[in-house]
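Colleague: what follows is a predicted structure for the sequence shown.
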Amino acid sequence: MQITVIIPVYNEASTIQEIVRRVQATGLASQIIIVDDGSTDGTQAILQGLKQHSNIHILFHDRNQGKGTAIRTGLQYATGDVVIIQDADLEYDPREYPNLLKPIEENIADIVYGSRFLGAARRPILFWNMVANKILTLLTNILYNNILSDMETGYKVFRLNMVKDIPLHAQGFEFEPEFTAKVLKRKYRIFEVPIAFNPRDYSEGKKIRAKDAFIAVWTLLKYRFID
């Protein structure tokens, strides 16, 4: 089974080399696609230095367009049987890959979500972010008749052939609710596994904001009734 890891990046000069090192250290990624979404902090210069790796493909947006756009760009070039979305900020640990891949390898899932709320180790900060995540997940479960514990997780792993024809339009952080809404409506087999989580706070560069929660609510409502 070939694995493609897509890493959307925006202004992560302090972490991009380390996350690539961690992904490489798993020995599982046959293809790493890094999509720089118009960084202005020196990230692009660092990425130029990574081009010597044969399994790393680096793509550049000429301006910042959002996480969803970066992921959609990466999906256009993905060749693996399975895709892992990997944030570049070190909040999610690539050492979780074997656990995330296991349900797909055992053919009990088409899509795997790494849940931050199923009891694994985590750094306990940002209470109101957790509350927002819980509310959005509850709304997802009500609208789509499911029992997910963490809709907003950044760790989404899926068979490429199951999702490549799904029309995705998200530009920013609304990728998470749009993707979730559309795979739930298609009745794909989703499996959740617990993951360790090391969130950073806003002083450390966290980018998601309160307005993104309202956009996520609208996204969930919109795709409940249209595709």
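Modeller: Received, thanks.

Colleague: just checking, next helix/strand downstream of the one helix or strand residue 157 maps to?
Modeller: Residue 157 belongs to strand 156-159 when assigned by DSSP states H and E. With elements assigned by DSSP H and E, the helix or strand that comes after strand 156-159 is helix 160-163.

Colleague: which element follows that following helix toward the C-terminus?
Modeller: helix 175-185.

Colleague: can you pull out the strands in the protein?
Modeller: Using DSSP state E, the strands found in the chain span residues 3-9, 31-37, 56-61, 82-85, 111-115, 156-159, 190-194.

Colleague: what comes into contact with stretch 128-142?
Modeller: 116-117, 146-152, 177, 180-181, 184, 199, 208, 210, 213, 216-217, 220 (Cβ atoms under 8 Å, 6 or more residues apart in numbering). For every residue, glycine as well, the C-beta is placed using N, CA and C.

Colleague: show me the shaky parts of this protein.
Modeller: Low-confidence segments of the chain (pLDDT under 70): 121-122, 124-125, 200-209.

Colleague: report the longest helix in it, please.
Modeller: Scanning the chain for the longest helix, with DSSP state H as the assignment, gives helix 127-144.

Colleague: now that helix: buried residues?
Modeller: 129, 132, 133, 136, 137, 139, 140, 143, 144 (16 or more other Cβ atoms under 10 Å).

Colleague: how about the fourth one: what's its closest non-neighbour residue?
Modeller: Leaving aside its chain neighbours, residue 136 sits nearest to residue 216 (5.3 Å; criterion: Cβ to Cβ, 6 or more residues apart in numbering).

Colleague: next up, the contacts around the one you found.
Modeller: So residue 216 contacts 136, 152, 173, 174, 176, 177 (Cβ under 8 Å, 6+ apart).

Colleague: so who does the second one touch?
Modeller: What it means is residue 152. 133, 136, 137, 176, 177, 216.

Colleague: my guess is the fifth one meets residue 224, correct?
Modeller: In other words, residue 177. No: in this structure, residue 177 is not within contact of residue 224 by Cβ atoms under 8 Å, at 10.3 Å.

Colleague: so those two - more neighbours on which side?
Modeller: residue 177 (27 against 15; other Cβ atoms under 10 Å).

Colleague: off-centre distance for the longest helix of the chain?
Modeller: Chain-centre distance of helix 127-144: 17 Å, with Cα atoms, centre = their mean, to the nearest Å.

Colleague: relative to residue 161, how far out is residue 102?
Modeller: Going from residue 102 to residue 161 by Cβ to Cβ, to the nearest Å gives 19 Å.

Colleague: tell me which of the two has more neighbours.
Modeller: Remark: of residue 102 and residue 161, residue 102 carries more neighbours, 14 against 10, as counted by other Cβ under 10 Å.

Colleague: please tell me how far that one sits from residue 193.
Modeller: For residue 102, the distance to residue 193 - Cβ to Cβ - is 8 Å.
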